[in-house]
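Student: below are the sequence and a predicted model; questions follow.
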Amino acid sequence: MDFLRPTTWQEALAARAERPGALPLQGGTDVMVEINFDVRRPEALLDLTGVAELREWSVTGGVCRLGAGVTYATVIDELGGALPGLAQASRTVGSPQIRNRGTVGGNLGAASPAGDSHPPLLAAGAAVEVESRERGLRTIPAHAFYLGVKRPALEPDELIRAVRIPVAAGPQYFSKVGTRNAMVIAVCSFALALHPEERRVGTGIGSAAPTPLRALEAEDFLSRELDWDAALDLDWDAALDAGLLRRFGELCAAAAAPIDDVRGTAAYRRHAVAVMARRTLTWAWDDHRGRRAA
Ligand SMILES: Cc1cc2nc3c(=O)[nH]c(=O)nc-3n(C[C@H](O)[C@H](O)[C@H](O)COP(=O)(O)OP(=O)(O)OC[C@H]3O[C@@H](n4cnc5c(N)ncnc54)[C@H](O)[C@@H]3O)c2cc1C
């Protein structure tokens with residue numbers, strides 16, 4: 001097996017164009033497992049860890065640009081304030097060793113419906129930068145990036161360069177159901193982001209459909225029904241109405257399209273999505289109301 005190790009982004013794009021059979025490798029926490037279990041036997045590996053720019057992140061104009069090689073550990077250590085939903089999800093990934101090697105770019109490349117970064121990226125309204133040597137750069141909204149089970153919207157000559165994520169302008173939460181607390185693939189997961197200035201709600205559902213997805217009807221319902229102004233009035237008890245919470249949970253569960261598998265039944269997943277939707281909304285709304293005193 002050939003091992004290609006570019007040291008610049010241009011060299012990486014050239015290698016991708018010239019060797020379409022070479023499998024990109026970032027942290028290797030998915031790729032090496034697949035090779036060890038003989039799920040894949042690529043003719044070559046295209047190791048991207050020598051491309052320094054992929055490990056960088058920056059914030060400009062309210063948007064965080066996260067290089068494809070930024071690890072979960074970096075997101076947790078450095079971006080908890082700017083990207084709280086993604087940082088919470090990152091804390092649930094694998095173990096310290098996996099979080100030190102594994103990357104958000106690798107999670108996107110694998111495009112597993114159970115990948116933990118996807119729900120917060122969807123809820124925040126992220127977009128993925130992908131590039132090829134021949135056709136240049138294109139930016140794909142996260143909701144259009146997942147085409148099917150483990151099928152990202154990448155052409156054979158493209159690489160993921162970065163993901164652009166709006167810096168949180170309101171509370172964000174991530175919730176994950178697993179059979180234990182660490183080293184576990186999600187039975188299902190849910191992310192919520194409030195965008196108070198736009199009077200808008202974002203959602204992301206994981207591991208409860210062939211792809212990660214947003215609950216669009218639930219987002220519309222909540223954006224319309226939440227009493228955004230009263231929440232900021234100190235004299236008003238703007239606690240969430242029980243009927244609104246219930247309806248939001250129902251609409252999120254209805255958006256899911258889960259299956260029965262070894263990790264859980266479809267019925268359980270639907271139920272859990274509704275519970276997580278209600279919980280994350282309660283936490284986020286409490287935070288939003290808490291801000292009025294600040
Ligand atoms: C023990 C263990 C526990 C785990 N726990 C979790 C968990 O809790 N939650 C979770 O979501 N995942 C988990 N994973 C899976 C894995 O760690 C994540 O999916 C991780 O984000 C992969 O990142 P990576 O950098 O290691 O990717 P890699 O393994 O290097 O690559 C993953 C895929 O993305 C492609 N790829 C990588 N970089 C690029 C690029 N720049 N452009 C195009 N394609 C690219 C690769 O070709 C490959 O198909 C676990 C894995 C292990 C082994």
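Tutor: Looks like it arrived, so ask away.
Student: who in the stretch 51-200 of the chain is up against the ligand?
Tutor: Counting by Cβ under 6 Å from any ligand atom, the stretch 51-200 of the chain comes close to the ligand at 68, 92-94, 98, 101-103, 105-107, 109-110, 115-116, 154, 159-160, 183, 185. In this view, the C-beta of every residue, glycine as well, is placed from N, C-alpha and C.
Student: among the residues you listed, which are in strands?
Tutor: Using DSSP state E, the members of these that fall in strands are 159-160.
Student: now a PyMOL select for only the buried ones of the residues of the stretch 51-200 of the chain next to the ligand.
Tutor: Restricted to buried positions by 16 or more other Cβ atoms under 10 Å, the PyMOL selection for these reads:
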select buried, resi 68+92+93+94+98+101+102+103+105+106+107+109+110+115+116+154+159+160+185
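Student: distance check, the closest residue in space to residue 81 that isn't next to it in sequence against the ligand.
Tutor: Once flanking residues are discounted, residue 81 sits nearest to residue 168: 8.0 Å by Cβ to Cβ, 6 or more residues apart in numbering. Distance from residue 168 to the ligand, counting by Cβ to the nearest ligand atom, to the nearest Å: 20 Å.
Student: which of the residues of the stretch 51-200 of the chain next to the ligand fall within helices?
Tutor: Among those, the subset assigned to helices under DSSP state H consists of 98, 101, 105-107, 109-110.
Student: the residues you listed: which two are farthest apart?
Tutor: Pairwise distances across these (Cβ to Cβ) peak at 15.4 Å, for the pair 98 and 109.
Student: low-confidence ranges, the stretch 101-250 of the chain, go.
Tutor: Where the stretch 101-250 of the chain drops to pLDDT under 70, the residues are 231-238.
Student: now do 80
Tutor: Scanning the stretch 101-250 of the chain with the threshold set as pLDDT under 80 gives 230-239.
Student: angles on the backbone of the most centrally placed residue in the chain, please.
Tutor: What sits nearest the mean C-alpha location of the chain, by Cα atoms, centre = their mean, is residue 118, with 2.2 Å. With angles defined as degrees, to the nearest 10, residue 118 shows backbone torsions of phi -60, psi -50.
Student: isn't the residue nearest to residue 81 right up against residue 85?
Tutor: Yes - if you go by Cβ atoms under 8 Å, residue 168 and residue 85 touch, sitting 7.1 Å apart.
Student: burial count for residue 55?
Tutor: 18 (other Cβ atoms under 10 Å).
Student: show me the contacts for it.
Tutor: With contact set as Cβ atoms under 8 Å, 6 or more residues apart in numbering, residue 55 has these partners: 67, 69-71, 74.
Student: same thing with residue 284?
Tutor: By Cβ under 8 Å, 6+ apart, the residues touching residue 284 are 170-173, 192-194.
Student: may I ask which of those has the most neighbours?
Tutor: So for these (other Cβ under 10 Å), the most neighbours sit at residue 192, 32 neighbours.
Student: is that one located within a strand, as I assumed?
Tutor: Yes - with DSSP: H, G, I helix; E, B strand; the rest coil as the criterion, residue 192 is part of a strand.
Student: quick check: closest non-adjacent residue to it.
Tutor: residue 280 (4.1 Å).
Student: next one: the helix or strand hosting that neighbour to chain centre, how far?
Tutor: Element membership of residue 280, judged by DSSP states H and E, is helix 266-290. Here the centre of helix 266-290 is set off from its chain's centre by 17 Å, with Cα atoms, centre = their mean, to the nearest Å.
Student: what comes up buried for that helix?
Tutor: By neighbour count with 16+ other Cβ under 10 Å, helix 266-290 contains the buried residues 268-281, 284-285, 288-289.
Student: go on, stretch 127-134?
Tutor: In terms of neighbour count (16+ other Cβ under 10 Å), stretch 127-134 has its buried residues at 127-133.
Student: also stretch 179-186?
Tutor: Within stretch 179-186, the residues scored as buried using 16+ other Cβ under 10 Å are 184-186.
Student: pretty sure residue 169 sits in a strand.
Tutor: No - per three-state DSSP, residue 169 lies outside any strand segment and is coil.
Student: can you pull the contacts of it?
Tutor: Applying Cβ under 8 Å, 6+ apart to residue 169 gives the contacts 62, 195-198.
Student: could you identify the most distant pair in those residues?
Tutor: Using Cβ to Cβ, the pair of the contacts of residue 169 lying farthest apart is 62 and 196, separated by 14.2 Å.
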